[in-house]
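Enquirer: The sequence and its predicted three-dimensional model are supplied below.
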Amino acid sequence: MATTQPLEANLNSIRSRISNACELAKRSTDEVQILPVTKTHSAAIVELAKNAGFNSVGENRVQEAAEKKQSALVDIRWELIGHLQSNKCRQAVEIFDRIHSVDSLKLVKRLDTAAAELGKKLPILLQFNTGEDPAKYGAKVDQADVMMEACLNATHLKLQGFMTIAPLDDNRDVALNTFVKLRELRDHCSQKFSHEMPELSMGMSGDLEQAIAAGSTLIRVGSALFGSRPPL
Ligand SMILES: *Cc1c(COP(=O)(O)O)cnc(C)c1O
């Protein structure tokens, strides 16, 4: 079990999974970054991640990240990967260096306003529920056009790509289809709006192979790196 293995061994095994998946997909491993997900772990884990060479960590809650950022002894980039409530936009813009989970038109507008007030240009990704999983957040695909327009009109946001979370399913093709749909949506929107969006944030510990096959550039890895999470 990953829980008892040190970070370095876990990292080696993730890197070899990535390199196998890249080889199958005829992609270069340079195209796939790992975002270590430190949610539910202490600030000490953030320091371990930094020492292992990472310059960003992923967190899924604003409050938890705020506290961890205060107590972390290292300078690192903080990325929000979990659902954001619109009343927390300002705090999120203060804390995070990038937000992956922008899943509504309202959030696009509120984040742009908050970023303008704070004098920041905030990198974001739009999250789509391409797996059409009722248990997952993410905008519906038919919202893509209005959200794209709003992002491109937003003076203080920098739209870098799309993000999704695959439904939990023993059939790996479900994850693969979810990821392929996100890539197709990204390609379509990128062309339609003449806006380059290099990032596809998709794939986690259990489905990173499918994500890489579909074109992921950013895999968000928690348990395979740090062991199983303590229950919330
Ligand atoms: C927790 C989380 C991850 C990491 O999940 P693991 O299965 O532990 O790798 C990735 N993305 C999001 C949005 C998460 O909330």
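Expert: That came through, no problem.
Enquirer: make it CA atoms for all contacts and neighbour counts henceforth
Expert: OK.
Enquirer: how about the strands in this protein?
Expert: 33-36, 56-59, 77-80, 98-102, 122-127, 157-163, 199-201, 218-221 (DSSP state E).
Enquirer: and the ligand, which of those is closest to it?
Expert: strand 218-221 (3.8 Å; Cα to the nearest ligand atom).
Enquirer: could you give the angle of the longest helix along the chain to strand 157-163?
Expert: In the chain, with assignment by DSSP state H, the single longest helix is helix 172-192. Angle of helix 172-192 versus strand 157-163, following axes from the mean of the first three to the mean of the last three Cα atoms, to 10 degrees, is 150 degrees.
Enquirer: tell me what helix 172-192 is packed against?
Expert: Contact partners of helix 172-192 among helices and strands, from 3 or more Cα pairs under 8 Å, 6 or more residues apart in numbering; DSSP states H and E: helix 144-153, strand 157-163, helix 208-214.
Enquirer: would a markdown table of these with distance to the ligand and mean pLDDT be doable?
Expert: Below are the helices and strands packed on helix 172-192 laid out as a markdown table (distance: least, Cα to the nearest ligand atom, whole Å; pLDDT from 0 to 100):
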| stretch | distance to the ligand | mean pLDDT |
| --- | --- | --- |
| helix 144-153 | 19 | 98 |
| strand 157-163 | 9 | 98 |
| helix 208-214 | 9 | 98 |
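Enquirer: Dump the ones you listed to a markdown table, plus mean neighbour count and distance to S223.
Expert: What follows is the helices and strands packed on helix 172-192, written out as a markdown table (neighbours: other Cα atoms under 10 Å; distance: least, Cα to Cα, whole Å):
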| stretch | mean neighbour count | distance to S223 |
| --- | --- | --- |
| helix 144-153 | 16 | 31 |
| strand 157-163 | 23 | 19 |
| helix 208-214 | 24 | 12 |
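Enquirer: and of these, who's closest to A115?
Expert: Closest approach to A115 among the helices and strands packed on helix 172-192 (Cα to Cα): strand 157-163, 7.4 Å.
Enquirer: got the contact list for the closest one?
Expert: Residues from elsewhere that reach strand 157-163 (Cα atoms under 8 Å, 6 or more residues apart in numbering): 100-101, 111-112, 115, 121-128, 151-152, 182, 186, 196-202.
Enquirer: Show the buried residues in those residues.
Expert: Those of the contacts of strand 157-163 that meet the buried threshold are 100-101, 111-112, 115, 121-128, 151, 182, 186, 197, 199-202, by 16 or more other Cα atoms under 10 Å.
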